[in-house]
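In: Quick one, fold the following:
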Amino acid sequence: MNIYPPIEQRFSPFEFYSLMRKNNPVAFDEGNGQWGLYRYNDIEKILKDPIKFSSKFGPFQVPQEFQENLNRPSLLNTDPPYHRKLRSIVDTLFVPIEISKLEPHIENIANDLIDNIIEKGNTTMDLVTDFAYPLPATVIAELLGVPSEDRDTFRQWADNIVSLEITSNIDIDSIRKADKTVSDMDIYFSKLIEKKKKIPTNDLISHIISAKVEGHSLTEKEIFSFCSLLLNAGHVTTVNLIGNLVFSLLENPQEFKRLQENQDSLIKAAIEETLRYRSPVQFLFRIANADVTLFEGREEKGVQKQKIYKGQGITLFLGSANHDESIFTDPERFDITRKNLRHLGFGTGIHFCLGAALARLEGQIALRIILKRFKSLEFNFDNSDRQDLYKKVSPLKSSFLLGLSHLPLRFQPLNS
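Out: Residues are numbered from 1 along each chain as shown. This next block holds a predicted model:
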(Lines give C-alpha, C1' and ligand atoms only; values in the text may rest on other atoms or scores of the structure.)
Protein backbone atom coordinates (compact mmCIF):
# COMPACT_ATOMS: atom_id res chain seq x y z
CA MET A 1 0.00 0.00 0.00
CA ASN A 2 1.29 3.46 -0.90
CA ILE A 3 1.38 5.48 2.32
CA TYR A 4 1.99 8.87 0.64
CA PRO A 5 -0.66 11.19 -0.85
CA PRO A 6 -0.84 11.07 -4.67
CA ILE A 7 1.09 13.80 -6.51
CA GLU A 8 -2.12 15.42 -7.81
CA GLN A 9 -3.17 16.01 -4.17
CA ARG A 10 0.19 17.46 -3.17
CA PHE A 11 -1.24 20.80 -2.02
CA SER A 12 -4.55 19.36 -0.82
CA PRO A 13 -3.91 15.89 0.66
CA PHE A 14 -6.84 16.16 3.06
CA GLU A 15 -9.11 13.59 1.37
CA PHE A 16 -6.29 11.03 1.25
CA TYR A 17 -5.47 11.57 4.92
CA SER A 18 -9.14 11.30 5.90
CA LEU A 19 -9.48 7.94 4.19
CA MET A 20 -6.28 6.65 5.78
CA ARG A 21 -7.33 7.73 9.28
CA LYS A 22 -10.64 5.97 8.80
CA ASN A 23 -9.57 2.81 6.98
CA ASN A 24 -5.80 2.39 7.43
CA PRO A 25 -4.58 4.33 10.49
CA VAL A 26 -1.45 2.17 10.45
CA ALA A 27 -0.41 1.10 6.96
CA PHE A 28 2.61 -0.76 5.62
CA ASP A 29 4.27 0.31 2.35
CA GLU A 30 5.89 -2.76 0.80
CA GLY A 31 7.70 -0.58 -1.74
CA ASN A 32 9.97 1.05 0.82
CA GLY A 33 9.40 -1.20 3.83
CA GLN A 34 7.97 1.59 5.99
CA TRP A 35 4.92 2.05 8.16
CA GLY A 36 2.68 5.09 7.88
CA LEU A 37 0.71 6.50 10.84
CA TYR A 38 -2.10 9.02 10.44
CA ARG A 39 -3.89 9.62 13.75
CA TYR A 40 -3.02 12.36 16.22
CA ASN A 41 -2.78 10.32 19.43
CA ASP A 42 -0.63 7.59 17.89
CA ILE A 43 1.76 10.12 16.35
CA GLU A 44 2.00 12.24 19.49
CA LYS A 45 2.77 9.15 21.58
CA ILE A 46 5.64 8.10 19.32
CA LEU A 47 7.12 11.61 19.10
CA LYS A 48 7.21 11.78 22.91
CA ASP A 49 9.01 8.45 23.29
CA PRO A 50 12.63 8.77 22.04
CA ILE A 51 13.57 5.58 23.89
CA LYS A 52 11.34 3.21 21.91
CA PHE A 53 11.41 5.28 18.72
CA SER A 54 14.71 6.60 17.41
CA SER A 55 15.30 9.62 15.18
CA LYS A 56 18.45 8.00 13.74
CA PHE A 57 16.55 7.17 10.61
CA GLY A 58 17.61 10.03 8.44
CA PRO A 59 14.99 11.91 6.47
CA PHE A 60 15.98 10.36 3.15
CA GLN A 61 15.91 6.79 1.91
CA VAL A 62 18.97 6.83 -0.36
CA PRO A 63 21.60 4.35 -1.56
CA GLN A 64 24.58 3.80 0.73
CA GLU A 65 26.95 5.90 -1.39
CA PHE A 66 24.90 9.02 -0.61
CA GLN A 67 24.35 8.38 3.10
CA GLU A 68 27.38 10.36 4.29
CA ASN A 69 26.05 13.64 2.89
CA LEU A 70 22.29 13.18 2.96
CA ASN A 71 21.91 11.44 6.32
CA ARG A 72 24.78 12.87 8.33
CA PRO A 73 24.03 13.34 12.06
CA SER A 74 22.27 16.58 12.98
CA LEU A 75 19.70 17.89 15.42
CA LEU A 76 17.01 16.28 13.26
CA ASN A 77 18.24 12.69 13.33
CA THR A 78 20.08 12.10 16.60
CA ASP A 79 18.92 10.68 19.93
CA PRO A 80 19.78 11.48 23.55
CA PRO A 81 22.30 12.02 24.99
CA TYR A 82 24.03 13.29 21.81
CA HIS A 83 20.95 15.21 20.66
CA ARG A 84 20.71 16.95 24.03
CA LYS A 85 24.35 18.03 23.77
CA LEU A 86 23.87 19.46 20.29
CA ARG A 87 20.66 21.24 21.18
CA SER A 88 22.18 22.83 24.28
CA ILE A 89 24.59 24.75 22.03
CA VAL A 90 21.84 26.84 20.42
CA ASP A 91 18.71 26.28 22.51
CA THR A 92 19.00 29.46 24.57
CA LEU A 93 19.44 31.56 21.41
CA PHE A 94 15.99 30.60 20.10
CA VAL A 95 13.83 31.03 23.19
CA PRO A 96 10.85 33.38 22.66
CA ILE A 97 12.25 36.17 24.85
CA GLU A 98 15.42 36.35 22.73
CA ILE A 99 13.58 36.03 19.43
CA SER A 100 11.15 38.83 20.40
CA LYS A 101 14.10 41.27 20.38
CA LEU A 102 14.30 40.81 16.60
CA GLU A 103 10.77 42.14 15.99
CA PRO A 104 11.63 45.77 15.03
CA HIS A 105 14.34 44.65 12.61
CA ILE A 106 12.14 41.98 10.99
CA GLU A 107 9.41 44.62 10.55
CA ASN A 108 11.89 46.87 8.77
CA ILE A 109 12.90 44.07 6.41
CA ALA A 110 9.24 43.27 5.68
CA ASN A 111 8.37 46.90 5.00
CA ASP A 112 11.40 47.30 2.71
CA LEU A 113 10.26 44.28 0.69
CA ILE A 114 6.73 45.72 0.35
CA ASP A 115 8.24 49.08 -0.65
CA ASN A 116 10.20 47.34 -3.42
CA ILE A 117 7.04 45.63 -4.67
CA ILE A 118 4.99 48.84 -4.72
CA GLU A 119 7.76 50.97 -6.22
CA LYS A 120 7.81 48.77 -9.33
CA GLY A 121 4.55 50.47 -10.25
CA ASN A 122 2.75 47.20 -10.90
CA THR A 123 -0.36 45.94 -9.19
CA THR A 124 0.74 42.30 -9.29
CA MET A 125 3.37 40.27 -7.47
CA ASP A 126 4.52 36.75 -6.78
CA LEU A 127 4.01 36.49 -3.03
CA VAL A 128 6.58 33.70 -2.65
CA THR A 129 9.40 35.16 -4.75
CA ASP A 130 8.84 38.81 -3.82
CA PHE A 131 8.02 38.51 -0.12
CA ALA A 132 7.51 35.12 1.56
CA TYR A 133 10.95 33.81 0.57
CA PRO A 134 13.25 36.86 0.97
CA LEU A 135 11.85 37.81 4.40
CA PRO A 136 12.91 34.72 6.43
CA ALA A 137 15.92 34.06 4.16
CA THR A 138 17.29 37.51 4.95
CA VAL A 139 16.62 37.12 8.68
CA ILE A 140 18.31 33.71 9.03
CA ALA A 141 21.24 34.82 6.86
CA GLU A 142 21.85 37.77 9.17
CA LEU A 143 21.51 35.61 12.28
CA LEU A 144 23.98 33.06 10.92
CA GLY A 145 26.38 35.68 9.67
CA VAL A 146 26.24 34.82 5.97
CA PRO A 147 25.79 37.41 3.20
CA SER A 148 22.06 37.97 2.59
CA GLU A 149 22.85 38.78 -1.05
CA ASP A 150 23.56 35.07 -1.51
CA ARG A 151 19.92 34.25 -0.75
CA ASP A 152 19.13 33.17 -4.33
CA THR A 153 21.83 30.53 -3.91
CA PHE A 154 20.31 29.49 -0.57
CA ARG A 155 16.92 29.05 -2.22
CA GLN A 156 18.36 26.80 -4.92
CA TRP A 157 20.12 24.71 -2.30
CA ALA A 158 16.93 24.32 -0.28
CA ASP A 159 14.90 23.45 -3.40
CA ASN A 160 17.42 20.77 -4.41
CA ILE A 161 17.24 19.11 -1.01
CA VAL A 162 13.51 19.28 -0.25
CA SER A 163 12.57 18.17 -3.77
CA LEU A 164 13.80 14.66 -3.05
CA GLU A 165 10.79 12.40 -3.47
CA ILE A 166 10.19 10.29 -0.36
CA THR A 167 8.20 7.52 -2.06
CA SER A 168 8.55 3.89 -3.07
CA ASN A 169 10.46 4.89 -6.21
CA ILE A 170 14.02 6.18 -5.99
CA ASP A 171 14.78 9.18 -8.20
CA ILE A 172 18.53 8.81 -8.57
CA ASP A 173 18.93 12.11 -10.43
CA SER A 174 17.35 14.13 -7.61
CA ILE A 175 19.48 12.20 -5.10
CA ARG A 176 22.66 13.07 -6.98
CA LYS A 177 21.59 16.72 -7.19
CA ALA A 178 20.92 16.85 -3.44
CA ASP A 179 24.22 15.10 -2.68
CA LYS A 180 26.14 17.64 -4.78
CA THR A 181 24.22 20.45 -3.09
CA VAL A 182 25.42 19.32 0.34
CA SER A 183 29.00 19.21 -0.96
CA ASP A 184 28.61 22.71 -2.40
CA MET A 185 27.27 23.95 0.93
CA ASP A 186 30.24 22.41 2.74
CA ILE A 187 32.64 24.27 0.46
CA TYR A 188 30.74 27.52 0.98
CA PHE A 189 30.65 27.20 4.76
CA SER A 190 34.26 25.99 5.06
CA LYS A 191 35.49 29.28 3.59
CA LEU A 192 33.19 31.26 5.86
CA ILE A 193 34.19 29.27 8.94
CA GLU A 194 37.89 29.88 8.29
CA LYS A 195 37.24 33.63 8.19
CA LYS A 196 35.22 33.57 11.41
CA LYS A 197 37.84 31.48 13.22
CA LYS A 198 40.30 34.29 12.56
CA ILE A 199 37.87 37.14 13.18
CA PRO A 200 34.82 36.01 15.23
CA THR A 201 31.67 38.09 14.89
CA ASN A 202 28.41 38.25 16.84
CA ASP A 203 26.48 35.61 14.90
CA LEU A 204 25.35 32.00 15.12
CA ILE A 205 28.21 30.50 13.12
CA SER A 206 30.83 32.17 15.33
CA HIS A 207 28.89 30.93 18.37
CA ILE A 208 28.84 27.35 17.06
CA ILE A 209 32.56 27.43 16.19
CA SER A 210 33.47 28.49 19.72
CA ALA A 211 31.01 26.15 21.45
CA LYS A 212 32.29 23.21 23.47
CA VAL A 213 30.44 20.02 24.36
CA GLU A 214 31.89 18.31 27.45
CA GLY A 215 35.10 20.23 26.96
CA HIS A 216 35.43 19.42 23.24
CA SER A 217 34.89 21.65 20.21
CA LEU A 218 32.60 20.45 17.43
CA THR A 219 34.18 18.66 14.50
CA GLU A 220 34.17 20.26 11.06
CA LYS A 221 31.37 17.93 9.91
CA GLU A 222 29.29 18.78 12.97
CA ILE A 223 29.71 22.49 12.27
CA PHE A 224 28.74 21.95 8.61
CA SER A 225 25.60 20.07 9.73
CA PHE A 226 24.63 22.88 12.09
CA CYS A 227 25.17 25.56 9.43
CA SER A 228 23.23 23.82 6.67
CA LEU A 229 20.38 22.79 8.98
CA LEU A 230 19.96 26.26 10.47
CA LEU A 231 20.15 27.92 7.06
CA ASN A 232 17.62 25.64 5.37
CA ALA A 233 15.26 24.94 8.27
CA GLY A 234 15.57 28.59 9.31
CA HIS A 235 13.68 29.83 6.29
CA VAL A 236 11.95 26.97 4.45
CA THR A 237 9.21 26.42 7.03
CA THR A 238 8.42 30.14 7.26
CA VAL A 239 8.32 30.61 3.49
CA ASN A 240 5.63 27.95 3.29
CA LEU A 241 3.85 29.19 6.39
CA ILE A 242 3.43 32.67 4.84
CA GLY A 243 2.42 31.30 1.43
CA ASN A 244 -0.03 28.78 2.91
CA LEU A 245 -1.47 31.46 5.19
CA VAL A 246 -2.21 33.96 2.42
CA PHE A 247 -3.55 31.25 0.11
CA SER A 248 -5.87 29.91 2.84
CA LEU A 249 -7.19 33.40 3.64
CA LEU A 250 -7.90 34.17 -0.02
CA GLU A 251 -9.45 30.74 -0.48
CA ASN A 252 -11.73 31.49 2.49
CA PRO A 253 -12.72 35.17 2.06
CA GLN A 254 -15.06 35.10 5.05
CA GLU A 255 -12.05 34.33 7.26
CA PHE A 256 -9.99 37.03 5.57
CA LYS A 257 -12.75 39.58 6.24
CA ARG A 258 -13.00 38.44 9.85
CA LEU A 259 -9.25 38.88 10.22
CA GLN A 260 -9.29 42.37 8.68
CA GLU A 261 -11.96 43.40 11.17
CA ASN A 262 -10.21 41.88 14.20
CA GLN A 263 -6.51 42.09 13.44
CA ASP A 264 -5.18 42.55 16.98
CA SER A 265 -7.02 39.54 18.35
CA LEU A 266 -6.80 37.15 15.40
CA ILE A 267 -3.35 37.49 13.80
CA LYS A 268 -1.72 34.95 16.14
CA ALA A 269 -4.70 32.63 15.80
CA ALA A 270 -4.50 32.82 12.00
CA ILE A 271 -0.87 31.70 12.16
CA GLU A 272 -1.70 28.76 14.42
CA GLU A 273 -4.67 27.69 12.29
CA THR A 274 -2.44 27.72 9.20
CA LEU A 275 0.14 25.58 11.00
CA ARG A 276 -2.67 23.13 11.71
CA TYR A 277 -4.65 23.30 8.48
CA ARG A 278 -1.76 23.47 5.98
CA SER A 279 1.18 22.27 8.02
CA PRO A 280 4.41 23.24 6.21
CA VAL A 281 6.10 20.02 7.40
CA GLN A 282 3.92 17.07 6.45
CA PHE A 283 5.71 14.18 8.13
CA LEU A 284 8.58 13.06 10.35
CA PHE A 285 10.48 9.78 10.53
CA ARG A 286 11.20 7.42 13.40
CA ILE A 287 12.60 3.91 13.66
CA ALA A 288 11.50 1.27 16.16
CA ASN A 289 14.21 0.50 18.73
CA ALA A 290 12.34 -2.64 19.78
CA ASP A 291 9.30 -4.66 18.79
CA VAL A 292 6.23 -2.59 19.63
CA THR A 293 2.50 -3.29 19.39
CA LEU A 294 0.15 -0.47 18.49
CA PHE A 295 -3.53 -0.38 19.49
CA GLU A 296 -3.09 -3.18 22.04
CA GLY A 297 -5.96 -3.14 24.51
CA ARG A 298 -7.87 -0.48 22.59
CA GLU A 299 -11.52 -1.19 22.02
CA GLU A 300 -12.15 0.61 18.76
CA LYS A 301 -14.32 -0.43 15.87
CA GLY A 302 -12.33 -1.45 12.81
CA VAL A 303 -8.94 -1.20 14.53
CA GLN A 304 -6.79 -4.22 15.30
CA LYS A 305 -3.53 -4.31 17.20
CA GLN A 306 -0.52 -4.03 14.93
CA LYS A 307 3.04 -5.17 15.58
CA ILE A 308 5.98 -3.11 14.34
CA TYR A 309 9.32 -4.88 14.51
CA LYS A 310 12.67 -3.55 15.70
CA GLY A 311 14.48 -1.69 12.93
CA GLN A 312 11.38 -0.89 10.88
CA GLY A 313 10.86 2.71 9.79
CA ILE A 314 7.77 4.72 10.60
CA THR A 315 6.48 7.80 8.77
CA LEU A 316 4.41 10.03 11.04
CA PHE A 317 2.03 12.18 9.00
CA LEU A 318 1.70 15.43 10.96
CA GLY A 319 -0.48 16.84 8.19
CA SER A 320 -3.01 14.09 8.86
CA ALA A 321 -2.78 14.30 12.66
CA ASN A 322 -3.67 17.99 12.43
CA HIS A 323 -6.93 17.08 10.66
CA ASP A 324 -7.88 14.27 13.05
CA GLU A 325 -11.66 14.36 13.70
CA SER A 326 -11.20 12.97 17.20
CA ILE A 327 -9.12 16.02 18.17
CA PHE A 328 -10.41 18.92 16.06
CA THR A 329 -14.04 19.87 15.44
CA ASP A 330 -14.81 20.21 11.72
CA PRO A 331 -11.09 19.79 10.87
CA GLU A 332 -11.46 20.32 7.12
CA ARG A 333 -12.59 23.91 7.71
CA PHE A 334 -10.05 26.73 7.88
CA ASP A 335 -11.23 28.60 10.98
CA ILE A 336 -9.10 31.39 12.48
CA THR A 337 -11.37 31.57 15.55
CA ARG A 338 -10.77 27.90 16.38
CA LYS A 339 -10.33 27.36 20.12
CA ASN A 340 -8.38 24.10 20.06
CA LEU A 341 -4.99 24.85 18.54
CA ARG A 342 -2.93 21.98 19.98
CA HIS A 343 -1.57 21.11 16.55
CA LEU A 344 1.61 19.16 15.80
CA GLY A 345 2.80 21.58 13.14
CA PHE A 346 6.15 21.95 14.91
CA GLY A 347 6.24 18.38 16.21
CA THR A 348 6.45 17.67 19.93
CA GLY A 349 8.79 16.11 22.45
CA ILE A 350 12.56 16.57 22.49
CA HIS A 351 12.63 17.36 18.76
CA PHE A 352 10.05 20.17 18.97
CA CYS A 353 11.10 22.65 16.28
CA LEU A 354 14.01 24.77 17.47
CA GLY A 355 12.91 27.70 15.31
CA ALA A 356 9.20 27.66 16.24
CA ALA A 357 9.32 31.04 18.02
CA LEU A 358 11.15 32.66 15.09
CA ALA A 359 8.77 31.18 12.49
CA ARG A 360 5.74 32.34 14.49
CA LEU A 361 7.13 35.85 14.89
CA GLU A 362 8.03 36.14 11.20
CA GLY A 363 4.58 34.87 10.21
CA GLN A 364 2.82 37.34 12.51
CA ILE A 365 4.91 40.26 11.25
CA ALA A 366 4.40 39.25 7.62
CA LEU A 367 0.63 39.10 8.06
CA ARG A 368 0.50 42.36 10.02
CA ILE A 369 2.49 44.20 7.34
CA ILE A 370 0.36 42.74 4.52
CA LEU A 371 -2.83 43.90 6.25
CA LYS A 372 -1.32 47.31 6.94
CA ARG A 373 0.11 47.99 3.48
CA PHE A 374 -2.53 46.60 1.10
CA LYS A 375 -6.08 47.87 0.63
CA SER A 376 -6.99 44.78 -1.38
CA LEU A 377 -5.38 41.45 -2.15
CA GLU A 378 -6.63 38.67 -4.42
CA PHE A 379 -5.48 35.82 -6.62
CA ASN A 380 -4.11 36.94 -9.97
CA PHE A 381 -6.17 34.31 -11.76
CA ASP A 382 -9.82 33.30 -11.96
CA ASN A 383 -10.75 31.37 -8.82
CA SER A 384 -14.53 31.34 -9.23
CA ASP A 385 -14.45 27.55 -9.50
CA ARG A 386 -13.03 26.38 -6.18
CA GLN A 387 -12.75 22.79 -7.40
CA ASP A 388 -10.37 24.00 -10.07
CA LEU A 389 -8.38 26.27 -7.76
CA TYR A 390 -5.65 23.78 -6.90
CA LYS A 391 -4.90 23.24 -10.59
CA LYS A 392 -4.01 26.93 -10.98
CA VAL A 393 -1.28 27.13 -8.35
CA SER A 394 2.27 25.75 -8.35
CA PRO A 395 2.77 23.30 -5.46
CA LEU A 396 6.25 22.92 -4.08
CA LYS A 397 8.00 19.90 -5.57
CA SER A 398 8.36 18.09 -2.28
CA SER A 399 6.63 15.17 -0.61
CA PHE A 400 8.07 16.31 2.72
CA LEU A 401 6.85 19.93 2.68
CA LEU A 402 3.48 21.43 1.79
CA GLY A 403 3.71 24.80 0.12
CA LEU A 404 3.76 26.77 -3.11
CA SER A 405 6.70 27.61 -5.34
CA HIS A 406 4.78 30.62 -6.69
CA LEU A 407 1.61 32.50 -5.72
CA PRO A 408 0.56 35.24 -8.20
CA LEU A 409 -1.50 38.00 -6.57
CA ARG A 410 -3.15 41.30 -7.49
CA PHE A 411 -3.08 44.11 -4.98
CA GLN A 412 -3.92 47.72 -4.34
CA PRO A 413 -1.65 49.65 -1.95
CA LEU A 414 -3.43 51.21 1.00
CA ASN A 415 -2.22 54.73 0.16
CA SER A 416 -3.29 54.64 -3.51
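
In: and the helix or strand bottoming out on mean pLDDT in the chain, how far out from the chain's middle?
Out: Ranked by mean pLDDT, DSSP states H and E, the helix or strand of the chain with the weakest confidence is helix 67-70, at a mean of 79. Relative to its chain's centre, helix 67-70 lies at 21 Å (CA atoms, centre = their mean, to the nearest Å).

In: Return the set of buried residues in that helix.
Out: 69-70 (16 or more other CB atoms under 10 Å). Where you see a C-beta, it was placed from the backbone N, CA and C, and this is true even at glycine.

In: Which SSE is immediately downstream of it?
Out: Beyond helix 67-70 in the direction of the C-terminus, DSSP states H and E gives the next helix or strand as helix 82-90.

In: Who are the packing partners of that next one?
Out: helix 204-210, strand 212-213, helix 220-251 (3 or more CB pairs under 8 Å, 6 or more residues apart in numbering; DSSP states H and E).

In: for the record, mean pLDDT for the first one?
Out: Throughout helix 204-210, pLDDT has a mean value of 94.

In: buried ones in that helix?
Out: Applying a neighbour-count criterion of 16+ other CB under 10 Å, one finds 204-209 buried in helix 204-210.

In: tell me what it is packed against?
Out: Using 3+ CB pairs under 8 Å, 6+ apart, helix 204-210 sits against helix 82-90, helix 134-144, helix 172-198, helix 220-251.

In: Nearest residue to the middle of the chain?
Out: Residue closest to the average C-alpha location in the chain (CA atoms, centre = their mean): residue 237, at 3.4 Å.

In: thinking again about what came up before, could you redo the helices and strands packed on helix 204-210 as JSON lines and give each row mean pLDDT?
Out: As requested, the helices and strands packed on helix 204-210 are exported to JSON lines (pLDDT from 0 to 100):
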{"stretch": "helix 82-90", "mean pLDDT": "92"}
{"stretch": "helix 134-144", "mean pLDDT": "94"}
{"stretch": "helix 172-198", "mean pLDDT": "91"}
{"stretch": "helix 220-251", "mean pLDDT": "94"}
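
In: about what we covered before: next, the contact list for the residue nearest to the centre of the chain, please.
Out: 280-281, 353, 355, 359, 401 (CB atoms under 8 Å, 6 or more residues apart in numbering).

In: For residue 365, grab the count of nearby residues.
Out: The local packing of residue 365 (other CB atoms under 10 Å) involves 23 other residues.

In: circling back to that earlier point, Throw the helices and strands packed on helix 82-90 into CSV and include distance to residue 345, thanks.
Out: Shown next, in CSV, are those (distance: least, CB to CB, whole Å):
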stretch, distance to residue 345
helix 204-210, 24
strand 212-213, 30
helix 220-251, 9
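
In: which of those is buried the deepest?
Out: Among those, the stretch with the highest mean neighbour count (mean count of other CB atoms under 10 Å) is helix 220-251, at a mean of 23.

In: thinking again about what came up before, out of the helices and strands packed on helix 82-90, which is closest to residue 106?
Out: helix 220-251 (10.5 Å; CB to CB).

In: where's the residue nearest to the centre of the chain relative to residue 15, distance?
Out: Residue 237 sits 24 Å away from residue 15 when distances are taken as CB to CB, to the nearest Å.

In: Got the phi and psi for residue 344?
Out: Main-chain dihedrals, residue 344, degrees, to the nearest 10: phi -110, psi 30.

In: per-residue pLDDT, it?
Out: 98.

In: Also residue 331?
Out: 97.

In: Could you list the low-confidence segments of this protein?
Out: 57-61, 165-170, 296-303, 387, 416 (pLDDT under 70).

In: for it, what spans make up the strands?
Out: With DSSP state E as the criterion, the chain has strands at 26-29, 34-37, 53-54, 124-126, 212-213, 216-217, 283-288, 292-294, 306-308, 313-317, 374-379, 394-395, 404-406, 408-413.

In: Tell me which of these sits nearest to residue 256.
Out: For the strands of the chain, the distance to residue 256 is smallest for strand 374-379, at 8.2 Å, taking CB to CB.

In: Look up how far residue 178 lies from residue 29.
Out: For residue 29, the distance to residue 178 - CB to CB - is 21 Å.

In: And the two? Which one has more around it.
Out: Comparing residue 29 with residue 178 by other CB under 10 Å, the one with more neighbours is residue 178, at 23 against 17.

In: mind listing what the more buried one touches?
Out: Residues near residue 178 by CB under 8 Å, 6+ apart: 60, 66, 69-70, 160-161, 163-164.

In: Distance to residue 107 added to those residues, as JSON lines?
Out: Formatted as JSON lines, these follow (distance: CB to CB, whole Å):
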{"residue": "60", "distance to residue 107": "36"}
{"residue": "66", "distance to residue 107": "41"}
{"residue": "69", "distance to residue 107": "37"}
{"residue": "70", "distance to residue 107": "37"}
{"residue": "160", "distance to residue 107": "31"}
{"residue": "161", "distance to residue 107": "30"}
{"residue": "163", "distance to residue 107": "32"}
{"residue": "164", "distance to residue 107": "35"}
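
In: Right, I'll call it a day here.
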